[in-house]
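> Build the 3D model from these lines:
(2 chains, ligands or ions: 1)
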Amino acid sequence: MTSSYILSFVTFGYGLAGFLYLFCWVFHKPRFAILATLALAAAWLGNTASILLRWVESYQMGMGHAPLSNLFESLVFFAWTIALIGLFLEWRYRDRSLGVFTTPLAFLALAYASLSPGISDRIQPLIPALKSNWLIAHVITCFIGYASFAVAVGVSLMYLIRAGASVSPGSLPDRLPPAGLLDELNHRLVLFGLLFLTVGIITGAVWANQAWGRYWGWDPKETWSLITWFIYAALLHFRLMRGWHGKRIAYLAIAGFMAVLFTYFGVNLLPGLHSYGSMSAG
Amino acid sequence: MSEQAKAGGVLGMIWEFFASVRLTVILLLSLAATSVIGTLVPQNESPMAYQQAFGEFLYRLMAALDLFDMYRAWWFQLLIVLLALNIIVCSVERLTALSGILFVRHPVFKIARFQKAKNRQEFSVEAPAADLQARYMAALASQFGYRRVEPQGEGFVIFAEKWRWTRLGVYVVHLSIVVLLVGSLIGSIFGFEGYVNIPENESTDTIRLRFSNQPVTLPFTIRCDDFDVSFYESGAPKEYRSNLAILENGRTVLTKAIVVNDPLRYRGINIFQSSYGQVPHEHEDAEDAAPGEFRLKVTARDSGQAHTLSGAVGDRLNLPDGRGEILLREYVPHLNFGGQDLGPGLNLTLTQPGKEAQEIVLAMRFPNFDKMRGGEFLLAVEGAAPQRFRPGQDSGQRFYTGLQVTRDPGVPVVYAGFACMILGLLVTFFMSHQMVCVEVRVLGAACRVAVAGIANKNRLGMQQKIAQIADRLRAA
Ligand code: HEM
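All right, here's what the predicted structure looks like:
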């Protein structure tokens, strides 16, 4: 499959971009950082192409479905969204040091997708329960939300480094964006992520109602997405009503993302009978 | 503080208890933490399965705490009710406090706040104040719905604002949560969720409720005319389709082919394709007989090492490294598990050195079935794919369609809550109440102009906006 072939270049591209950002930051070569941006943009275009191509290929194989139907495809979309948000922030705030902490996330997502033995990159036919436009809306919105939370973790880490102890002028932490901007960015990314997570949970509920006649069934995946929602809602209230800022919010953003990761990967490790397969077939 | 709280007394104390954001955060985090339990302990399985998994003592303890149906346990529901009360009380409290700012014809502006604003910009213009007044009012008109001029000394002040109503967005979000809870309450009081299996060419008007297994009679009869599964080349199921007919007083009023994701809805009752299976035979014939030999996959939990053992019913299989032995006791063609037919199953006895013998049940079609036992070994029967049930493979074999039958009059309310929540979030996150003040003082032949703004959120955005407005006024 050509799309998978392209993806190996894309993975390399994200890795290279991440390395270049890091190099320019550590060795204080801001003029070369444009190379990192170019590598990131090129890899993102390749990522876009691979998604579109995979879509076409699924039709050629007679299965015809949007490439958002399994773990592999969702990770590819996740990486795509992270890179897009990274590029947007860099453009919007004109600061290339932001890329040091966001680009590696896109790389990690793709590397995990292609290297993990448990994840198949084959285009698979859709099982009956997954044939729904609500499902596509669900996956897209959830992953935009997750990507936004992921970037917020990158920004939080930057904040923690930047705001740590005493930062001498010209040192590594000092070459990161100002702490105030990072705190503000973190907040906005969490808001954006929470909006999409909410829409994601809602479209998921509508889909479940269409497929199984119940919009909420407390199955582990649903429950964990709600737990994640509670954590981010709590974060927001700490910030809005109790005036929490900076480090505490950064730690909460990281904790929230742990819940995201668990919703995504951990739930399959939990005991129980339920999975898409058994729900639809049995 | 509201009237109630000031009034003191017990009611006042209760009111104050619910009016706190600290309570909100505590409740949100408690709900998050307790919800985890229900994902670690599988919910609503049969007592037998729990006893097998946890042993007698833990089983009793957990049952007493309602952990096997925890999302409907009183203490979990109580947390939700507290959350709802918290939201309602806070909203009432805040809205009464805000009503003086929100619902007024002529909003009050405090010029001192604008004079202290960090985003304040000043510049001088050589023009008469009266001229500026007309030009500035016109320039602000495109962006601000509300504008008002007040004379000040020889000069004037313009107050303008927009999106005051967006301050209500938060309350829409919060109340949408209450709407969702009301919707789910309506569903749980007036709705039901049940199952029925109908063999091809047969009909029924009685279904069984999930959890309680009680029979419910529908106001119509459902007949299954045909059931069909189609497969992809790989053997994975592609589509389950049931041709159903609805009968009232013996007359067919509706026919529809339902597939997963495309249910039949009639008289507020939804009929979903949910499962299928073979019609059990009256006597054990060849179809229900055990396959001669089973292949059992044994995965050690600690090392992740997997082995495959083979044997027939009655055989004893040795676990690797002398870690015990498994007796294949019995094959059951239709394993009943929590009221559901899980298809073929195996009963085993696991004997390990130094441990009590353990009875284990495996549902052959669900390789993860044994996970919940949490034992040292994960057992699964290999090669028992659902394809065994492929209809039409063998003539004379009859299938039933498994339908989920639900009624939930709360759904429209819940969907309305969803819509409110999304709209409320959009307003809350991306719109703010913006106020600007343009102050013009006359200094001889010239005027000194100051522009400043206040927004209830997004200070950075307001700062940029003020810079823009200042530019535009300079050019006006
Ligand atoms: C389970 C969900 C939620 C509960 C129980 C809850 C509860 C509360 C409470 C009690 C307050 C204090 C109200 C006041 O003093 O005016 C508050 C404030 C606030 N909440 Fe929530 N909230 C929830 C979800 C959300 C969500 C999802 C958002 C996202 C937009 C949100 C946004 C806000 C905002 C912006 C405020 C500040 C309100 C103000 O300044 O007037 N809440 N929330």
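> Do you have the strands of the stretch 51-200 of chain B handy? List them.
Assigned by DSSP state E, counting those that start in this stretch, the stretch 51-200 of chain B shows strands spanning B:121-125, B:146-152, B:155-162, B:192-199.
> Is it correct that residue B:296 falls within a helix?
No - Residue B:296 is assigned strand when assessed by DSSP: H, G, I helix; E, B strand; the rest coil, not a helix.
> you'd agree residue B:408 is up against residue B:187?
Yes - counting by Cβ atoms under 8 Å, residue B:408 touches residue B:187, with 4.3 Å between them. Using the backbone N, CA and C atoms, a C-beta is placed for each residue, glycine as well.
> any idea which helix or strand comes after the helix or strand bottoming out on mean pLDDT in chain B?
For chain B, counting by mean pLDDT, DSSP states H and E, helix B:3-7 ranks last in confidence among helices and strands (a mean of 53). Under the assignment DSSP states H and E, the closest C-terminal helix or strand after helix B:3-7 is helix B:9-18.
> Which elements pack onto that following helix?
For helix B:9-18, the packing partners by 3 or more Cβ pairs under 8 Å, 6 or more residues apart in numbering or on different chains; DSSP states H and E come out as helix B:3-7, helix B:74-102.
> Give the residue spans of chain A that score low on pLDDT.
A:1, A:62-64, A:117-119, A:125-130, A:165-167, A:268-282 (pLDDT under 70).
> residues contacting the residue nearest to the spatial centre of it?
Within chain A, one residue has its C-alpha closest to the average C-alpha position: by Cα atoms, centre = their mean, that is residue A:147, at 2.4 Å. In this structure, residue A:147 makes contact with A:78, A:81-82, A:84-85, A:193, judged by Cβ atoms under 8 Å, 6 or more residues apart in numbering or on different chains.
> Swap in 7 Å and give it another go.
With contact set as Cβ atoms under 7 Å, 6 or more residues apart in numbering or on different chains, residue A:147 has these partners: A:78, A:81-82, A:85.
> Please apply the same query to residue A:161.
By Cβ under 7 Å, 6+ apart, the residues touching residue A:161 are A:173, A:176.
> Tell me the secondary structure at it.
helix.
> Tell me which of the helices and strands packed on helix B:9-18 sits most buried.
Greatest average neighbour count among the helices and strands packed on helix B:9-18 goes to helix B:74-102 (a mean of 15), per mean count of other Cβ atoms under 10 Å in any protein chain shown.
> Report all helices and strands that that one contacts.
Taking 3 or more Cβ pairs under 7 Å, 6 or more residues apart in numbering or on different chains; DSSP states H and E as contact, the helices and strands that helix B:74-102 lies on are helix B:9-18, helix B:21-40, helix B:169-190.
> and the first one, anywhere near the ligand?
No - taking Cβ under 6 Å from any ligand atom as the criterion, helix B:9-18 and the ligand are apart, separated by no less than 8.6 Å.
> returning to that earlier point: now mean pLDDT too, for the helices and strands packed on helix B:74-102, in CSV please.
Output for the helices and strands packed on helix B:74-102, formatted as CSV (pLDDT from 0 to 100):
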stretch, mean pLDDT
helix B:9-18, 86
helix B:21-40, 86
helix B:169-190, 90
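> how many degrees apart are the strand or helix carrying residue A:253 and helix B:21-40 in direction?
For residue A:253, the host element (DSSP H and E) is helix A:246-264. Orientation note: helix A:246-264 sits at an angle of 30 degrees relative to helix B:21-40 (axes from the mean of the first three to the mean of the last three Cα atoms, to 10 degrees).
> And helix A:246-264, what's buried?
Within helix A:246-264, the residues scored as buried using 16 or more other Cβ atoms under 10 Å in any protein chain shown are A:246, A:249-250, A:252-253, A:256-257, A:259-260, A:262-264.
> Show me which of these is closest to residue A:113.
Proximity of those to residue A:113 was ranked by Cβ to Cβ; the top entry is residue A:264 with 12.1 Å.
> burial count for the nearest residue to the closest one once chain neighbours are set aside?
Once its chain neighbours are removed from consideration, residue A:264 has its nearest residue in residue A:146; the separation is 7.0 Å (Cβ to Cβ, 6 or more residues apart in numbering or on different chains). Residue A:146: 26 surrounding residues under other Cβ atoms under 10 Å in any protein chain shown.
> cool, residue B:106 as well?
Using other Cβ under 10 Å, residue B:106 is surrounded by 8 other residues.
> Enumerate the positions of the one helix or strand residue B:221 maps to that are buried.
Taking DSSP H and E as the definition, residue B:221 sits inside strand B:215-231. Burial within strand B:215-231, assessed by neighbour count using 16+ other Cβ under 10 Å, is assigned to B:218, B:221-225, B:227-229.
> which strands and helices sit next to it?
For strand B:215-231, the contact count by 3+ Cβ pairs under 7 Å, 6+ apart identifies strand B:192-199, strand B:202-209, strand B:237-248, strand B:269-278, strand B:399-407 as packing neighbours.
> Recalculate using a threshold of 10 Å.
Contacting strand B:215-231 under the criterion 3 or more Cβ pairs under 10 Å, 6 or more residues apart in numbering or on different chains; DSSP states H and E are the following elements: strand B:192-199, strand B:202-209, strand B:237-248, strand B:251-259, strand B:264-266, strand B:269-278, strand B:399-407.
> who wins for proximity to residue A:11 among these?
Among those, strand B:237-248 sits nearest to residue A:11 (Cβ to Cβ), with 32.1 Å.
> Now do the buried residues in that closest one.
Neighbour-count burial for strand B:237-248, with 16+ other Cβ under 10 Å as criterion, is recorded at B:237-247.
> related to what we said a few turns ago, can I get the strands of the stretch 51-200 of chain B in a markdown table including mean pLDDT and mean neighbour count?
Written out in a markdown table, the entries for these read as follows (pLDDT from 0 to 100; neighbours: other Cβ atoms under 10 Å in any protein chain shown):
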| stretch | mean pLDDT | mean neighbour count |
| --- | --- | --- |
| strand B:121-125 | 87 | 14 |
| strand B:146-152 | 87 | 14 |
| strand B:155-162 | 88 | 20 |
| strand B:192-199 | 87 | 20 |
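> Redo those as TSV? Include distance to the ligand.
Shown next, in TSV, are those (distance: least, Cβ to the nearest ligand atom, whole Å):
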stretch	distance to the ligand
strand B:121-125	28
strand B:146-152	21
strand B:155-162	18
strand B:192-199	25
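> Mind checking those for the one nearest to chain A?
The closest of those to chain A is strand B:192-199. By Cβ to the nearest Cβ, the value is 6.3 Å.
> Residue B:272 is in contact with residue B:222, correct?
No - counting by Cβ atoms under 10 Å, residue B:222 stays clear of residue B:272, with 11.9 Å between them.
> which residues do these two both contact?
Listed as contacting both residue B:222 and residue B:272 by Cβ atoms under 10 Å, 6 or more residues apart in numbering or on different chains are B:242, B:264, B:403, B:405.
> Check those residues against chain A and report the nearest one.
residue B:405 (7.7 Å).
> still on that earlier bit, nearest to chain A, of the helices and strands packed on strand B:215-231?
Where those are weighed against each other on Cβ to the nearest Cβ, the nearest is strand B:399-407, at 3.8 Å.
> any idea how far the strand or helix carrying residue B:331 is from the chain center?
Using DSSP H and E, residue B:331 falls within strand B:325-332. The gap between where strand B:325-332 is centred and where its chain is centred comes out at 40 Å by Cα atoms, centre = their mean, to the nearest Å.
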